[in-house]
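K.L.:
Got a predicted structure here, sequence first:
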Amino acid sequence: MKRQQALVVPATFTEKAPANQFSERLLNWFDLYGRKDLPWQQNKTPYRVWVSEIMLQQTQVSSVIGYYQGFMSRFPRLEILANAEQDEVLHHWAGLGYYARARNLLKSAKIIQHELNGCFPNTLDKMIALPGIGRSTAGAILSIAFNQRVAILDGNVKRVLCRYRAIPTWPGDKQTEDALWQLADTLTPSERVSDYTQAIMDLGATLCRRSKPNCLNCPLASDCQALAQDLQNALPVSRPKKNIPLKHTWMVHIESDDGYILLEKRPPSGIWGGLYSLPELDSKLALSSIAGHCSERFGSHCNTATEQTSFIHTFSHYKLNIKPVTLRTTTPPRQIRNNDNYRWIRRAKIKELGMPSPVFKYLQQMIQPTIRPVINFPIE
C-alpha cells in the first residue's frame with residue numbers, strides 16, 4: 001500500500017502578512033462577485049442562519065433554496081418549530097436527505113426554546129452541545145449571525161485550503177484535518193468575519209469547484225501552490241476507496257380496493273428514521289410466497305404479488321437494491337390488523353407525509369395523477 005506523503009505546513013503560512021493578504025483578496029472578490037441574495041442572507045437572525053447551515057450540510061445551495069423557503073414559510077420562528085410534531089418537520093424535509101438533520105433540528109429547537117429560554121447559545125462550546133451541530137457548523141452560525149471570529153472548515157473550505165497550500169494528504173485524515181483547522185483559524189480575519197465566512201464558502205462553491213476549477217478568475221490564484229504546480233485538478237486528494245456493499249430488499253405496495261395504501265412508520269433513528277415508507281421484507285423471501293406472508297402478517301387476504309422494476313438507492317455507506325411488488329386486498333382497512341408502526345393511508349393523503357424521496361417517487365409513478373407533491377421539491 002502506498003504510504004501517504006507527510007503533511008508539510010509552510011512556515012510562512014502562520015505569518016501575519018500572508019493571512020491578511022488572503023482575507024483581503026477574498027473579501028475584495030466577495031464585494032464584487034459574491035452571492036448576496038440567497039434567502040438566508042436576508043434578515044440574518046441566529047434562527048434563520050442555523051436552519052440554513054443545517055440544510056447546507058453535505059447539500060448544494062441549489063438544492064437547498066426551495067426547501068429553505070418552504071421550511072421557513074411553515075416554521076418562521078424558533079418557537080413554532082419547537083412546538084411542531086416530528087412528522088410535520090420530516091414532511092417539509094422529505095427529499096432533502098440525511099434525515100437525522102431534521103430530527104436533530106427539532107431536538108435543538110426544543111432545547112433552545114424550553115431550556116435556554118429561547119436564546120441561542122453564543123459560544124462555540126455551547127453551540128456544539130446542541131444535537132446535530134459540529135465545530136464547522138457552529139463556527140458558521142457564530143460568525144455569520146453573531147459576527148464572532150470563529151473559523152469554519154466545511155467541504156468547500158477544505159478544498160480551497162488544500163489547493164492553496166498544495167496539501168498532499170486526504171483532508172479527512174485526522175492529522176491533516178487538525179492542520180487544516182489551524183490554517184483556517186490563522187486565515188480568519190478579526191473584522192468582517194460574517195462576510196469572510198460567506199466569501200470562502202462562495203469561492204469553493206463557484207470558482208474552486210471540485211471539478212473544472214475556474215482558476216483564471218480566482219482572487220487567490222497568484223499564491224495558489226496547487227495552480228503553480230498544475231495540481232489543481234488532482235487536489236484535494238480523494239478519500240481512499242473502499243467497497244460499498246449492495247443490499248437487497250422487497251418493498252411491498254399493498255393497496256385496498258377503496259384506495260388505501262399500507263405504510264410503515266420507520267423507527268425514530270437510523271436510515272429514513274421517523275419517515276413513512278412502504279413495508280420491507282427479507283430479500284430471501286420467494287416472490288411466490290410474498291402474498292401469503294403479507295396476508296398472515298397484516299391480517300388481510302392479499303392477492304398474488306406482482307414484481308415491478310427494481311431500482312437502486314445509494315446511501316453514504318451502502319447501496320440498496322429495492323425490489324417493489326404490488327398487491328391488492330379487498331378487506332376494508334379498519335379490519336386489517338394495525339399497530340403503531342403500520343397505518344393505512346388514503347392515496348390523496350400521501351403527499352402530506354414525510355417520505356423518503358425514492359419511495360415517494362415510486363408511488364408518484366404508480367398511482368398518478370392522484371398523488372402530487374405540495375411543493376416542487378428536488379429529489380435527492
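P.N.:
Everything's here; your move. Predicted model, so just to flag it, every value in this text is computed and none were measured.

K.L.:
Can you tell me what sits against the helix or strand Tyr196 falls within?
P.N.:
Using DSSP states H and E, Tyr196 maps to helix 193-206. Here helix 193-206 makes contact (CB atoms under 8 Å, 6 or more residues apart in numbering) with 23, 26-27, 29-31, 33-35, 41, 44, 60-61, 139-140, 143-145, 147-150, 152, 154-157, 159-160, 188-189, 214, 218-220. Just so you know, the C-beta spots here come from the backbone N, C-alpha and C atoms, and that holds for glycine as well.

K.L.:
For it, what does the pLDDT average out to?
P.N.:
What helix 193-206 shows for mean pLDDT is 96.

K.L.:
In helices only, show me the contacts of helix 193-206.
P.N.:
23, 26-27, 29-31, 33, 61, 139-140, 143-145, 155-157, 159-160 (DSSP state H).

K.L.:
before we move on, back to that, export the helix holding Tyr196 as PDB, just CAs?
P.N.:
Taking C-alpha atoms only, helix 193-206 is exported to PDB below (Å, rounded to 0.1, in the frame of the first residue of the first chain):
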ATOM      1  CA  VAL A 193     -16.000  37.800   9.800                       C
ATOM      2  CA  SER A 194     -19.500  37.300   8.600                       C
ATOM      3  CA  ASP A 195     -18.600  38.300   5.000                       C
ATOM      4  CA  TYR A 196     -15.400  36.400   5.100                       C
ATOM      5  CA  THR A 197     -17.200  33.100   6.100                       C
ATOM      6  CA  GLN A 198     -19.600  33.500   3.300                       C
ATOM      7  CA  ALA A 199     -16.800  34.500   0.900                       C
ATOM      8  CA  ILE A 200     -14.600  31.500   1.500                       C
ATOM      9  CA  MET A 201     -17.700  29.200   1.100                       C
ATOM     10  CA  ASP A 202     -18.700  31.000  -2.100                       C
ATOM     11  CA  LEU A 203     -15.200  30.700  -3.500                       C
ATOM     12  CA  GLY A 204     -15.300  26.900  -3.100                       C
ATOM     13  CA  ALA A 205     -18.800  26.600  -4.400                       C
ATOM     14  CA  THR A 206     -18.400  28.900  -7.500                       C
END
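
K.L.:
In whichever helix or strand comes after it, which of the residues would be classed as buried?
P.N.:
Using DSSP H and E, the helix or strand that follows helix 193-206 towards the C-terminus is helix 225-228. Under the neighbour-count criterion of 16 or more other CB atoms under 10 Å, helix 225-228 has 225-227 buried.

K.L.:
go on, stretch 207-225?
P.N.:
207-208, 213, 215, 218-221, 224-225.

K.L.:
Any idea how many residues pack against Met201?
P.N.:
Residues contacting Met201 under the criterion other CB atoms under 10 Å number 22.

K.L.:
thinking again about what came up before, would you mind listing which of the contacts of helix 193-206 are buried?
P.N.:
23, 26-27, 29-30, 34, 41, 44, 61, 139-140, 143-145, 150, 152, 154-157, 159-160, 188-189, 218-220.

K.L.:
re earlier: would you convert the buried residues of helix 225-228 into a markdown table that also reports pLDDT and distance to Thr330?
P.N.:
A markdown table is the format used below for the buried residues of helix 225-228 (pLDDT from 0 to 100; distance: CB to CB, whole Å):
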| residue | pLDDT | distance to Thr330 |
| --- | --- | --- |
| Gln225 | 95 | 71 |
| Ala226 | 96 | 66 |
| Leu227 | 96 | 69 |
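
K.L.:
Specify which member of those residues is nearest to Arg328.
P.N.:
Arg328 lies nearest to Ala226 out of the buried residues of helix 225-228, by CB to CB, at 59.7 Å.

K.L.:
Go ahead and confirm the closest one touches Arg163.
P.N.:
Yes - judged on CB atoms under 8 Å, Ala226 makes contact with Arg163 at a distance of 3.9 Å.

K.L.:
Mutual contacts of these two, please.
P.N.:
232, 235.

K.L.:
can you pull the contacts of Val64?
P.N.:
52, 55-56, 96.

K.L.:
In which helix or strand does it reside?
P.N.:
Counting by DSSP H and E, Val64 is part of helix 61-74.

K.L.:
as a whole number, average confidence for stretch 356-365?
P.N.:
90.

K.L.:
Quick check: buried residues in it?
P.N.:
356-364.

K.L.:
hmm, back to that, ok, so of the buried residues of helix 225-228, who is nearest Phe75?
P.N.:
Out of those, the member with the shortest distance to Phe75 (by CB to CB) is Ala226, at 41.6 Å.

K.L.:
Trp344 versus the closest residue to Asn217 other than its chain neighbours, what's the distance?
P.N.:
Spatial nearest neighbour of Asn217, excluding adjacent residues (CB to CB, 6 or more residues apart in numbering): Leu207 at 6.0 Å. Going from Leu207 to Trp344 by CB to CB, to the nearest Å gives 52 Å.
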